[in-house]
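> all I have is the shape, not the residue letters:
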């Protein structure tokens, strides 16, 4: 995936992850917030593969487009092979994903309503790829938040995943989303240690996050941290974007969440090249855009490159 080296570089700048939430334990998060009911396991959104609308070259891969209006598509290899990608494009924005398994994996359709081009690509040599199949589809999302509520290849979890079950245990006493965010964040930074050896081993190769593997070993690299936090939040029906891009000229990574009181709160959890930090969630107490702006500015310093 052309984007992966840049993506990896962004995340692996070093989450030396002395992560400082331990230093923030003296704060109460939040001081005020509108109460909201807890998510139930019956309400969690899971991808479906109806295969009523498919794209396939007949031998390498199959893409299930049936749920495109729900903010995702599913794809799988038809045989064990290497060098196959799917591309999801809208206007001049493209996302390229490796297909690695004959099991269905989920990929977000997250560039809004409109015409998308979906392609199955096969590697010829190096960065040269042949188009094996292609189609254009019209997407009209039933819910603009949907792409950020489902698991996908980058944020990969199932109903059997430890991370999914743990998310419910961690917030069972919480009465509002901001408290849930703070508790889930604290769990991540208290549980994982940065895996220097893994960082060295994958320095030249893109490796998908292994959320449950990281939790079992209590180790992970930057990508594992970010994916874990996003999985915990989405399991609680808190729409979450895992975003990478630039803050000024610096590579930057941040997580944005949707709060029903104020809408999208950008970079509520961010990585500044040294540490992860949690913005003081009291910003939402007044339910006003001006209150949010006090914390994050007008967003002009942030340029999103990729969102998952």
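Received the coordinates, thanks. Since we're looking at a predicted model, the values are computed, not measured.
> any low-confidence regions in the chain?
1-33, 202-206, 245-253, 267-302 (pLDDT under 70).
> ok, 90 please
1-39, 176-179, 181-182, 185-186, 188-210, 214, 219-227, 229, 241-307 (pLDDT under 90).
> domains in it, by residue range?
2-40+153-307, 54-142 (automatic domain parsing).
> same list, those domains, but as CSV with distance to residue 47 please.
Heads up, the C-betas are built off the backbone N, CA and C, glycines and all. Shown next, in CSV, are those (distance: least, CB to CB, whole Å):
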stretch, distance to residue 47
domain 2-40+153-307, 10
domain 54-142, 4
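> so which of the ones you listed is nearest residue 46?
domain 2-40+153-307 (7.0 Å; CB to CB).
> name all residues that make contact with residue 174.
Listed by CB atoms under 8 Å, 6 or more residues apart in numbering, the contact partners of residue 174 are 38, 180, 183.
> closest one of those to residue 141?
residue 180 (25.0 Å).
> hang on, that closest one packs against residue 173?
No: if you go by CB atoms under 8 Å, residue 180 and residue 173 don't touch, sitting 10.0 Å apart.
> look at these two and report which has more neighbours.
Taking other CB atoms under 10 Å, residue 180 and residue 173 do not tie; residue 180 has more neighbours (26 against 8).
> Provide a list of residues in contact with the more buried one.
Contacts of residue 180 by CB under 8 Å, 6+ apart are 171, 174, 233, 236, 238.
> now those in JSON lines, with distance to residue 133?
Below are the contacts of residue 180 laid out as JSON lines (distance: CB to CB, whole Å):
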{"residue": "171", "distance to residue 133": "43"}
{"residue": "174", "distance to residue 133": "46"}
{"residue": "233", "distance to residue 133": "35"}
{"residue": "236", "distance to residue 133": "37"}
{"residue": "238", "distance to residue 133": "36"}
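> now restrict these to buried residues only.
Buried residues within these, counting neighbours by 16 or more other CB atoms under 10 Å: 171, 174, 233, 236, 238.
> understood, closing this out.
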